[in-house]
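Participant: here's my sequence, what's the structure:
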Amino acid sequence: MKKWKITPGGEPVLILAHNYVRPEVQKEADHVGDSLELAKIAREIRNGTIILAGVGFMAEMAAILSPTSRVIHPEPFSQCAMATRLNPDILEKAREAHQGVPVVTYVNSSAQIKACSDICCTSANAVRVVESLGVPRVLFTPDRNLAGYVARKTGITVIPVPEFGCCPVHHTIMGPEILDRKKRYPDAVVLAHPETTEDVQDLADFVGSTSGMVRFVAGKNFRTVIVGTEPGIIPRMRQVSPKTRFIPASSFSTCPDMKMITLAKIKQAIMNEGPVVTIDPLVASGARRALERMMAVP
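Facilitator: Below is the predicted model of the structure:
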């Protein structure tokens, strides 16, 4: 490890970075991945120090899954806009209106919402998670676009909570932009994240999580790929397909909260040994149950 990855007390630090953070942060990280990949890594850490280079719910998730570790979020103001659109009161009202219908919660949500849920999912495993429940209807929080994707893939009735919840970054990717880029690059392959709208997904050659996108392009000889997600994933894609030209699907799809995480803030957080993520034990217990149930789905 490099010297600056050691706390003042001499303890090694593990840096986990999401695919959407700045390229220089990804380069210095010990592991780079999507929410599910980072959660699985954090789950295996015991009594260590973890720097979570991502938005707030990811740091919370690491703290929940690795309760004996010290989890540091270098920029507490870096939060997921979609996660903030849902609170427990809204979810409880939905439960009352649809009694007996299980709640599937996308991990892009607060620890409180996870604690109120039956099971969690990520964009990589949402279809498998919903199918694993063996029910005709589910409540799905907090992304209506991912809910619609799951409904189309499974034939199950998926009720979004809240009704208009979405990722504002992915929601800005528009079908006409995709068509315009396809005109400019007629040989291009189109990738879309399931947080995008249905019309964008319909134009895509592949719809999947960021890790799924990386696997899709790995080792291929695509000349041009239009990337329908946050462009922070592109450096990782270039690593596995260096001859491919990657084009962002939109000029407006950069997540400002992800870009708030900088190397300077990470170094400062290591020196200060904080800010440490703390979660109410009862909330953490409920959220851990929903996350562990997700992890158990094949």
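Participant: tell me, how many residues neighbour Ile159?
Facilitator: Residues lying near Ile159 (other C-beta atoms under 10 Å) number 18. (Each C-beta comes from the backbone N, C-alpha and C, glycine too.)
Participant: how many neighbours does Leu282 have?
Facilitator: Other residues within reach of Leu282 by the criterion other C-beta under 10 Å amount to 9.
Participant: could you look up the SS state of it?
Facilitator: Per DSSP: H, G, I helix; E, B strand; the rest coil, the secondary structure class of Leu282 is helix.
Participant: give me the nearest residue to it, chain neighbours excluded.
Facilitator: Taking C-beta to C-beta, 6 or more residues apart in numbering as the measure, Leu282 lies nearest to Ala115, with 7.6 Å between them; neighbours along the chain are not counted.
Participant: please apply the same query to Gln268.
Facilitator: Taking C-beta to C-beta, 6+ apart as the measure, Gln268 lies nearest to Pro74, with 7.2 Å between them; neighbours along the chain are not counted.
Participant: cool, and Ile234?
Facilitator: According to C-beta to C-beta, 6+ apart, the nearest residue to Ile234 is Phe246 (4.7 Å).
Participant: now do stretch 150-162, average pLDDT.
Facilitator: The pLDDT scores in stretch 150-162 average 98.
Participant: got it, and stretch 257-270?
Facilitator: If you average the per-residue pLDDT over stretch 257-270, you get 97.
Participant: same thing with stretch 287-296?
Facilitator: If you average the per-residue pLDDT over stretch 287-296, you get 96.
Participant: go on, stretch 190-202?
Facilitator: The average pLDDT within stretch 190-202 is 98.
Participant: so how far does it reach from one end to the other?
Facilitator: Distance between the two ends of stretch 190-202: 10 Å, counting by C-alpha to C-alpha, to the nearest Å.
Participant: now do the buried residues in that stretch.
Facilitator: 190-197, 200-201 (16 or more other C-beta atoms under 10 Å).
Participant: narrow those residues to those in helices?
Facilitator: The helices in this structure, assigned by DSSP state H, contain 200-201 from the buried residues of stretch 190-202.
Participant: what are the ranges of the strands in the stretch 151-298 of the chain?
Facilitator: Secondary structure of the stretch 151-298 of the chain (DSSP state E, counting those that start in this stretch): strands at 157-160, 189-192, 206-207, 224-228, 245-248.
Participant: what's stretch 189-204 in contact with?
Facilitator: The contact list for stretch 189-204 (C-beta atoms under 8 Å, 6 or more residues apart in numbering) reads 123, 126, 143, 145-146, 148-150, 152, 166-167, 170-171, 173-175, 178-179, 182, 205-210, 213, 216-217, 222, 224-229, 249.
Participant: hmm, 7 Å instead?
Facilitator: 123, 143, 145-146, 148-149, 167, 170-171, 173, 175, 178, 182, 205-207, 213, 216, 222, 225-229 (C-beta atoms under 7 Å, 6 or more residues apart in numbering).
Participant: one more: stretch 134-141?
Facilitator: When contacts are defined by C-beta under 7 Å, 6+ apart, stretch 134-141 is touched by residues 86, 91, 94, 98, 101-106, 109, 113, 130, 147, 150, 156-161, 165.
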